[in-house]
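1. coordinates only, sequence not included:
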Ligand SMILES: *Cc1c(COP(=O)(O)O)cnc(C)c1O
């Protein structure tokens, strides 16, 4: 098909994320992708600065990941997990239990991050049902957080920046704390936990769990906060007998400089969600892990079982590529790579701070953020980035880079230079 034919059919039938119909914004047909490069059908080549929503850790069309899927394809591409098990799912569950924070040793698989969050919240609710505490039905979440697009997940997203304010009337009303005010490297003061501490004490009888993105809040604000905050949250949850859910869907698999962001604080949550980079960006897959305390209590309850079971949970193809991707990551020098990308982004994005349109520049691990004073028209800035040969897709007033870890210095430089050039042409 020609690029024009693809676009015409797309215009007629394909509904894009967070888009109207017909879609007023241009879309760009990709014919193939390799390493950090997206090849467009019209012959253009772009460096992907977003890893396809933070998932494509090792780059596109990776021979080892391709091989993992091809080999599994000829054995069994899908089989139900009800009453059946298989080698890829047990190996992946064991690997995740081994590499995630201590105590998380039960793995519930699902197909997307939002569902993994639904599962985590359901686990917390069922935990309290089982222990006879039926009043514990609320969640304490952080403002500026994002946890997905399904209904329970929407209820814990930031009510304003979390993209779901339209639905406020139909969502369960959760308890929100202002976002952590202490930056990642900033000196800690107990004042930074004061409002969280007050909220948890005031509402402890009805709070089932605290849910947060550890250390780096992503789609809801791209904010990085102090490991001390997370440590104090863990202590307060323990002190008030409240479960802690860590949503590591964006932060997991090395993105913040630790394999899982909870490690910055040396804490273990009771329940943890992973997704996005789990399969190296090859297929939709997510997982919710929990500790013995949670699984034992749920299993003791009247229901006698955890009441959830997606059709495609533990899909063998997805498990195989997740295993290959995760092994490739942990057996390689990912930490050195991420530290290198961090230093590079810090040096090369810093000059953006002087530009009139820019409010802040911040970097953590392989996440670089240029926050503008005002939200930007995505379609027009996207076109400007494409002229620079880069694929960068802002969220509101946040321009960010989350490149694949395999990116070279020259490619990274093209990304940072492209951002500087485009942002320098914006008015304040
Ligand atoms: C992307 C994301 C989700 C939702 O995952 P989907 O796969 O898009 O459903 C949930 N939580 C966080 C922190 C995310 O970044």
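-> Received the coordinates, thanks. Every value quoted in this text rests on a predicted model; they were computed, and no experiment measured them.
2. what does the stretch 1-150 of the chain put close to the ligand?
-> Where the stretch 1-150 of the chain comes near the ligand, counting by C-beta under 6 Å from any ligand atom, the residues are 112-114, 117, 146-148. For the C-beta atoms, the positions are set from N, CA and C on the backbone; glycine is no exception.
3. ok, so of the residues you listed, who is nearest residue 419?
-> residue 146 (22.0 Å; C-beta to C-beta).
4. so who does residue 127 touch?
-> 208, 243, 294, 297-298 (C-beta atoms under 8 Å, 6 or more residues apart in numbering).
5. can I get the residues of the stretch 1-150 of the chain next to the ligand in a markdown table with neighbour count?
-> Formatted as a markdown table, the entries for those read as follows, by neighbours: other C-beta atoms under 10 Å:
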| residue | neighbour count |
| --- | --- |
| 112 | 19 |
| 113 | 29 |
| 114 | 21 |
| 117 | 29 |
| 146 | 26 |
| 147 | 33 |
| 148 | 25 |
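6. would TSV of those residues with pLDDT and secondary structure be doable?
-> Conversion of those to TSV gives the following (pLDDT from 0 to 100; DSSP: H, G, I helix; E, B strand; the rest coil):
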residue	pLDDT	secondary structure
112	98	coil
113	98	helix
114	98	helix
117	98	helix
146	96	coil
147	97	coil
148	97	coil
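7. Which member of these is positioned nearest the ligand?
-> Within those, distances to the ligand taken as C-beta to the nearest ligand atom reach their minimum at residue 113, with 2.1 Å.
8. Return the residues in contact with the nearest residue to that closest one once chain neighbours are set aside.
-> With sequence-adjacent residues excluded and distances taken as C-beta to C-beta, 6 or more residues apart in numbering, residue 113 is closest to residue 275, at 3.5 Å. Going by C-beta under 8 Å, 6+ apart, residue 275 touches 112-113, 116, 249, 252, 285-287.
9. can you map out the helices along the stretch 251-400 of the chain?
-> In the stretch 251-400 of the chain, the segments counted as helices under DSSP state H, counting those that start in this stretch are 292-300, 316-331, 334-349, 378-387.
10. ok now stretch 270-287, how far from the chain's centre?
-> 8 Å (C-alpha atoms, centre = their mean, to the nearest Å).
11. got the end-to-end distance for it?
-> 14 Å (C-alpha to C-alpha, to the nearest Å).
12. circling back to that earlier point, for the contacts of residue 275, which one is nearest the ligand?
-> For the contacts of residue 275, the minimum distance to the ligand (C-beta to the nearest ligand atom) is 2.1 Å, reached by residue 113.
13. Would you mind measuring from residue 108 to residue 288?
-> Distance of residue 108 to residue 288, computed by C-beta to C-beta, to the nearest Å: 5 Å.
14. With residue 25 instead?
-> Spatial separation of residue 25 from residue 288 under the definition C-beta to C-beta is 34 Å.
15. Ok, residue 300 next?
-> Separation of residue 300 from residue 288 (C-beta to C-beta) stands at 19 Å.
16. More neighbours: those two, which one.
-> Higher neighbour count among residue 300 and residue 288: residue 288, with 28 against 12, using other C-beta atoms under 10 Å.
17. which residues touch that one?
-> Residue 288 makes contact with 107-108, 110, 116-117, 119-120, 123, 271-273, according to C-beta under 8 Å, 6+ apart.
18. got the residue ranges for the strands in the stretch 151-300 of the chain?
-> Assigned by DSSP state E, counting those that start in this stretch, the stretch 151-300 of the chain shows strands spanning 175-177, 207-212, 216-217, 223-224, 243-247, 271-274, 286-290.
19. helices and strands around the third one, which ones?
-> The elements that strand 216-217 packs onto, with contact taken as 3 or more C-beta pairs under 8 Å, 6 or more residues apart in numbering; DSSP states H and E, are strand 223-224.
20. Does residue 21 touch residue 15 like I think?
-> Yes - in this structure, residue 21 is within contact of residue 15 by C-beta atoms under 8 Å, at 5.7 Å.
21. distance of residue 94 from the ligand?
-> Distance from residue 94 to the ligand, counting by C-beta to the nearest ligand atom, to the nearest Å: 23 Å.
22. nope, residue 262 is what I was after
-> Residue 262 is 13 Å from the ligand, where distance means C-beta to the nearest ligand atom.
23. where's that residue relative to residue 237, distance?
-> Between residue 262 and residue 237 the distance is 13 Å, computed by C-beta to C-beta.
24. So if I had to pick from those two, which one is more boxed in?
-> Remark: of residue 262 and residue 237, residue 262 carries more neighbours, 28 against 22, as counted by other C-beta under 10 Å.
25. what sits against the more buried one?
-> With contacts defined as C-beta under 8 Å, 6+ apart, residue 262 is in contact with 101, 214-215, 230, 246, 248, 268-269, 272.
26. hmm, which two among the residues you listed are most spread apart?
-> 215 and 268 (14.2 Å).
27. how many neighbours does the nearest residue to residue 382 once chain neighbours are set aside have?
-> Once its chain neighbours are removed from consideration, residue 382 has its nearest residue in residue 393; the separation is 6.5 Å (C-beta to C-beta, 6+ apart). If you count neighbours by other C-beta under 10 Å, residue 393 ends up with 15.
28. Surely residue 393 and residue 379 touch.
-> No - the pair residue 393 and residue 379 fails to qualify as a contact (C-beta under 8 Å) at a distance of 10.6 Å.
29. and the ligand, which of the helices of the stretch 251-400 of the chain is closest to it?
-> When the helices of the stretch 251-400 of the chain are ranked by proximity to the ligand, the top entry is helix 316-331, at 12.6 Å, counting by C-beta to the nearest ligand atom.
30. and that closest one, anywhere near the ligand?
-> No - using C-beta under 6 Å from any ligand atom, helix 316-331 stays clear of the ligand, with a minimum separation of 12.6 Å.
31. That helix vs helix 334-349, what angle?
-> When axes from the mean of the first three to the mean of the last three C-alpha atoms, to 10 degrees is applied, the directions of helix 316-331 and helix 334-349 differ by 80 degrees.
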